[in-house]
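Engineer: Sequence and predicted structure below; questions after.
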Amino acid sequence: MSNLLTIFVSSTSQGLLWSLLAIGVFLTYRILDIADLTTEGSFPLGAGIAAISITQGMSPIVASLLGFLGGVVAGLVSGILHTKLKIPALLAGIITMTGLYSITSRVMDAPNLSLLGQKTFFSWLQPLGLSKINTVIIAAAIIIIFVIIALVLFFRTEIGLAIRSTGDNLEMSEANGINTDNMKMIGYMISNGCISLSGALLAQNNGFADVNSGIGTIVIGLASIIIAEVLFRNRPLPIRLLTIVLGAIIYRFILALVFELNIPSDYSKLASALVLVVCLSLPQVRSKLSLKLPATQEKSKGEKSK
C-alpha cells in the first residue's frame, strides 16, 4: 500500500508538469480543431532555452518565461505557414518541428545539457524542509492554477471568443467579419507557449534538457485529453481544463504501474505505446458499450412484457 502511495505521489508530480503540455495540445486540437505537430519541436525548445539560460546565471523564473516565449515564437511560425502560406496544418507543424530540432541544438550547443547543481524553479521551496516531490507538486499546482485562470479569463474576452468561434465554425466566423487567420495564429502561439513552458519546467525537474525529449509528446498530450473526456464529458471550459490535469496524472500513474512490472528497458517504449493505445481507444470502447446497454435494456423489457 505504501509503495502504491509513493507511485501515486510521484505520478502526481510528473503529471502536473506534463498537464501544461496537455493543455497546450487541447487548445489546438479541441479549441481550433487542428492537429499541430509543432508540439514535438516546441517542447524541447522550451527545455533548451530554460537550461542554457540557467547555466548562464539567469533566474529560473526568467529562464522559464524565456522558454515560454520561445514556444510562442514557434507557434507563430507554424501559424504563418498554415494561414499565410496556405500549407496544411499537419505539414506546417512537421516543417516547424523539423526546423526546431536544429534551432534547439544550436541554442544548447550540445545534444543535451545538464542542470545538476544549478538553482531551478523548484529550489525556492526547499528551505521549508519539503521533499523534492512535494516541492514540485506545490510549485506546479501554483503555476497550473495561474495558467488555467489566465486562459479562462482570456477565452471570455472578445479575442478569446473569436478563437473559439473560429474552431467551432470557420465559415460562419468569416461571414461575421472575424479574421480567422489571426485567430488561428494567436491560438498557435498560446498553445505552443504552454507546451514550451512544460518543457522548461520538466527540464528543471529532471535536471537536464535533451534535444530528443519532444519525441512522442503529442501523443502524451492527446492521451491525457482522451482520458479526461472519457471520465468527464460535456463540461464547461474551466472544469475541462482541470480534468485535463487529472487526465495527465492518471496517465502517468498508469504508466508508472506498468513499469513496476519490471519490464526490461529495451521494451519501455513498447510498454508506453501499448498504454497509449489503450488510452486512445477508450472513447471507441465507451461508445460501443453505450450502444449495447440500451439494446440489452430493451430486450429485458420485452421479455418482462411477455
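Structural biologist: Arrived safely. As the structure is a computational prediction, the values presented were derived from the model and not from experiment.
Engineer: Once you drop chain neighbours, what's closest to residue 104?
Structural biologist: residue 48 (4.5 Å; CB to CB, 6 or more residues apart in numbering). C-beta here means a position set from N, CA and C on the backbone, and glycine is covered the same way.
Engineer: same deal with residue 103?
Structural biologist: residue 45 (6.7 Å).
Engineer: Near that neighbour, how many other residues are there?
Structural biologist: Neighbour count of residue 45, defined by other CB atoms under 10 Å: 30.
Engineer: any idea of the pLDDT on it?
Structural biologist: If you check residue 45, the pLDDT there is 96.
Engineer: Contact partners for it?
Structural biologist: 67, 70, 71, 74, 100, 103, 104, 107, 196, 199 (CB atoms under 8 Å, 6 or more residues apart in numbering).
Engineer: For the residues you listed, give me a markdown table that also has distance to residue 287 and secondary structure.
Structural biologist: Shown next, in a markdown table, are the contacts of residue 45 (distance: CB to CB, whole Å; DSSP: H, G, I helix; E, B strand; the rest coil):
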| residue | distance to residue 287 | secondary structure |
| --- | --- | --- |
| 67 | 39 | helix |
| 70 | 39 | helix |
| 71 | 34 | helix |
| 74 | 35 | helix |
| 100 | 36 | helix |
| 103 | 41 | helix |
| 104 | 39 | helix |
| 107 | 44 | helix |
| 196 | 34 | helix |
| 199 | 34 | helix |
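Engineer: before we move on, back to that, what residues does the residue nearest to residue 104 make contact with?
Structural biologist: So residue 48 contacts 104, 107, 108, 113, 203, 209, 211 (CB under 8 Å, 6+ apart).
Engineer: Touching, the fourth one and residue 55? I think so.
Structural biologist: Yes: applying CB atoms under 8 Å, one finds residue 113 in contact with residue 55, separated by 6.8 Å.
Engineer: neighbour-wise, which of the two wins?
Structural biologist: residue 113 (20 against 16).
Engineer: Strands of this structure, start to end?
Structural biologist: Shown for the chain, the strands assigned by DSSP state E span residues 112-114, 208-210.
Engineer: what sits up against the last one?
Structural biologist: In other words, strand 208-210. Residues contacting strand 208-210 (CB under 8 Å, 6+ apart): 44, 47-48, 50-52, 108, 111-116, 199, 203.
Engineer: Count the neighbours of the spatially closest residue to residue 174 that is not a sequence neighbour for me.
Structural biologist: Setting aside the residues directly before and after it, residue 174 is nearest to residue 180 in space (CB to CB, 6+ apart), at 5.5 Å. Burial of residue 180 is recorded as 18 neighbouring residues (other CB under 10 Å).
Engineer: Tell me, what's the model's pLDDT at residue 268?
Structural biologist: 68.
Engineer: from now on call the first residue 2
Structural biologist: Taking 2 as the first residue, the last one we looked at is residue 269.
Engineer: what residues are up against residue 283?
Structural biologist: 227, 228, 231.
Engineer: Would you mind measuring from the first one to residue 252?
Structural biologist: Just to be clear, that refers to residue 227. Distance of residue 227 to residue 252, given as CB to CB, to the nearest Å: 9 Å.
Engineer: what residues are shared contacts of these two?
Structural biologist: Joint contacts of residue 227 and residue 252 (CB under 8 Å, 6+ apart) are residue 280.
Engineer: of these two, who's got more company?
Structural biologist: residue 252 (27 against 18).
Engineer: Just to check, the more buried one is in contact with residue 224?
Structural biologist: Yes: under the criterion of CB under 8 Å, residue 252 makes contact with residue 224 at 5.2 Å.
Engineer: Now list whatever residues contact both of these two.
Structural biologist: In contact with both residue 252 and residue 224: 276, 280, using CB under 8 Å, 6+ apart.
Engineer: Tell me where this structure has helices.
Structural biologist: 3-27, 40-56, 61-84, 90-109, 133-155, 159-169, 171-176, 181-207, 218-232, 238-260, 269-306 (DSSP state H).
Engineer: will you turn those helices into TSV that also has distance to residue 127?
Structural biologist: Shown next, in TSV, are these (distance: least, CB to CB, whole Å):
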stretch	distance to residue 127
helix 3-27	14
helix 40-56	16
helix 61-84	12
helix 90-109	26
helix 133-155	6
helix 159-169	37
helix 171-176	48
helix 181-207	13
helix 218-232	28
helix 238-260	23
helix 269-306	30
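Engineer: Perfect, that will be all.
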